[in-house]
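Asks: one predicted model, sequence on top.
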Amino acid sequence: MIGTLQCVVLDCHYPAGLAQFYAALLGGEVDRPDPRWSLDEAWSTVHLPDGRVLGFQRVEDYRQPIWPDPAHPQQLHLDIDVADLAAAERGAVALGAEVKARHGRWTVLTDPAGHPFCLVPRRAD
């Protein structure tokens, strides 16, 4: 095992509004302070009653998915907590992932089918 699922992140145009929608649909708390994320106009979260977290990320030129049109695919990614970013990156690449970008505190990779996911160093509580 390389890491644990931190949250599922959905791209959108208005993170706070989509977070409110999912909190009303599933229950939970919108934008609860959490040391793993900065909350601002580009990022919002819902902490669900079962402990899982949904993240909502602003994409300026967001294009809405159209089901089941592959020209407008589903848009989300997984954030995965890891103890050691460099070791996790090496392990994921060994499994077939490809590094796409490094953003200081996290690394963006794609799985063998091209789906993006992020490796994020675990923060001490």
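Replies: Nice, I can see it. Numbers count the residues shown, from 1 in each chain.
Asks: who are the packing partners of whichever helix or strand Ala86 is part of?
Replies: Per DSSP states H and E: Ala86 is located in helix 85-94. When contacts are defined as 3 or more CB pairs under 8 Å, 6 or more residues apart in numbering; DSSP states H and E, helix 85-94 packs onto strand 107-110, strand 116-121. The C-beta positions use only the backbone N, C-alpha and C, and glycine is treated the same way.
Asks: not counting sequence-adjacent ones, nearest residue to Leu78?
Replies: Spatial nearest neighbour of Leu78, excluding adjacent residues (CB to CB, 6 or more residues apart in numbering): Phe117 at 4.3 Å.
Asks: where's that neighbour relative to Ala97, distance?
Replies: Noted for Phe117: a distance of 8 Å to Ala97, by CB to CB, to the nearest Å.
Asks: these two touch, right, Pro112 and Ala92?
Replies: No. Using CB atoms under 8 Å, Pro112 is not in contact with Ala92, being 10.6 Å away.
Asks: neighbour count winner among the two?
Replies: Ala92 (22 against 9; other CB atoms under 10 Å).
Asks: burial check on the closest residue to that one other than its chain neighbours, number of neighbours?
Replies: Residue nearest to Ala92 in three dimensions, not counting chain neighbours: Leu109, with 5.6 Å by CB to CB, 6+ apart. Leu109 has 24 neighbours, counted by other CB under 10 Å.
Asks: what is Leu109 paired to in the beta sheet?
Replies: Going by DSSP bridges, Leu109 is paired in beta bridges with Val99, Phe117.
Asks: name the residues contacting each of Phe117 and Ala97.
Replies: Shared contacts of Phe117 and Ala97, defined by CB atoms under 8 Å, 6 or more residues apart in numbering, comprise Leu109, Thr110, Asp111.
Asks: dump the residues you listed to TSV, plus distance to Leu48 and pLDDT.
Replies: Shown next, in TSV, are the shared contacts of Phe117 and Ala97 (distance: CB to CB, whole Å; pLDDT from 0 to 100):
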residue	distance to Leu48	pLDDT
Leu109	25	91
Thr110	26	90
Asp111	24	90
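Asks: possible to save these as a markdown table with distance to Asp84?
Replies: Listed next are those as a markdown table, based on distance: CB to CB, whole Å:
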| residue | distance to Asp84 |
| --- | --- |
| Leu109 | 15 |
| Thr110 | 21 |
| Asp111 | 20 |
